[in-house]
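Asker: This is a predicted model, with the sequence first.
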Amino acid sequence: MSYSTTIACQCNHFYLRQCSLCITDSDVEIPTIKDAWSPQWLLKSFDNEDDNKGAAAKMLRYRIKLMLYTLSSTRFGNYKLPCPELPPIVRPFRWLISYHVLPKGYRFTNQYQTPPWRMLLRCLLIDLPSQLASPNHLLDIKSWKQYPLGGKNKVYDYTEENPYNITCGKRVVFSKQTNGSKPVLRGDWLFVAYLWSADRSWVEHINVADLLNFAKPFCIQGWEWADTVGASADKPILFHELKTREENYEWEDYGVPLIGRSIPNSRERVSELRRLVNLHASDLL
């Protein structure tokens, strides 16, 4: 089934194929919408942003290889199985807030004004409702700029033609870490920033957190890995979207289809999620 056509119903809600705000069936199938307001080059998939996941998979492959080697070696002598490191905990992120960012003074819809850079900031949370509703959790999340991962962020080159005047980019991760000689990521939040530009030297040396002082998000999206009809286990579903009005840069709440759920009060639940995103998402920057 194709979901490429967007149409409007009598209540003026824009939707894909079917408006879930105007129907009573809570089990309607809602398609996953791509995070397409920013360039797609360099992006990791939603479910692979936590680097603990890749490290855990690598360690698992090593443990299996070591076990097979040890079993085969026992035929020729007594070998003690070395104790490999324990894999890091893969954090159960279930929520995502996407910030699509441009320099101040630039607008996404102005085709005659090419911005010198573009940014996508992803904020992953384990429990968005409780974290955004708790003052202590909010203070903790707002401290994310203090925890950039150490080391030099690699700058990648892009040689193909694109409409955004992009020739290079980098990915920067912000997360708390454990203490020790080999720290791993920890905590109930994770921020990942993608920066694209045509100036490689500038991208290499710019501090992404400081750059946000000279930027403004033009779109904020709320996503959830939800147990819904037609939902994918590795792709979240868009439940909310805010975009700036062109004339005055005020936030406008765009109609996004309610997520179909076979539980009571699903409308009230999604309304509360949208309220929390409206109230706190901008403040996290």
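Answerer: Noted; the coordinates are in hand.

Asker: got the buried residues for the strand ranked longest in the chain?
Answerer: Identified as the longest strand of the chain according to DSSP state E is strand 185-197. In terms of neighbour count (16 or more other C-beta atoms under 10 Å), strand 185-197 has its buried residues at 185, 188-197. Glycine gets a C-beta too; all of them are placed from N, C-alpha and C.

Asker: same check, this time on stretch 132-148
Answerer: 132, 137, 141, 144, 147-148.

Asker: Which residue ranges make up the domains of this protein?
Answerer: What automatic domain parsing lists as the domains of the chain is 6-47+92-110+117-149+172-196+210-284, 51-90.

Asker: rank those by mean pLDDT and give me the bottom one.
Answerer: Note on those: lowest mean pLDDT is at domain 51-90, with a mean of 63.

Asker: That one: end-to-end distance?
Answerer: 8 Å (C-alpha to C-alpha, to the nearest Å).

Asker: Just flag the most distant two among the buried residues of stretch 132-148.
Answerer: Greatest spatial distance among the buried residues of stretch 132-148 (C-beta to C-beta): 132 and 148, at 22.8 Å.

Asker: Check the gap between residue 202 and residue 181 for me.
Answerer: From residue 202 over to residue 181 the distance is 34 Å, taken as C-beta to C-beta, to the nearest Å.

Asker: go on, residue 45?
Answerer: 30 Å.

Asker: Same drill for these two, tell me which one is more crowded.
Answerer: residue 45 (9 against 4; other C-beta atoms under 10 Å).

Asker: Need phi/psi at residue 100.
Answerer: phi -100, psi 120 (degrees, to the nearest 10).

Asker: which residues sit in contact with it?
Answerer: 37-38, 108, 119-120, 217-221 (C-beta atoms under 8 Å, 6 or more residues apart in numbering).

Asker: Now do the same contact list for residue 39.
Answerer: Residue 39 neighbours (C-beta under 8 Å, 6+ apart): 118, 120, 162, 164, 166, 169, 196.
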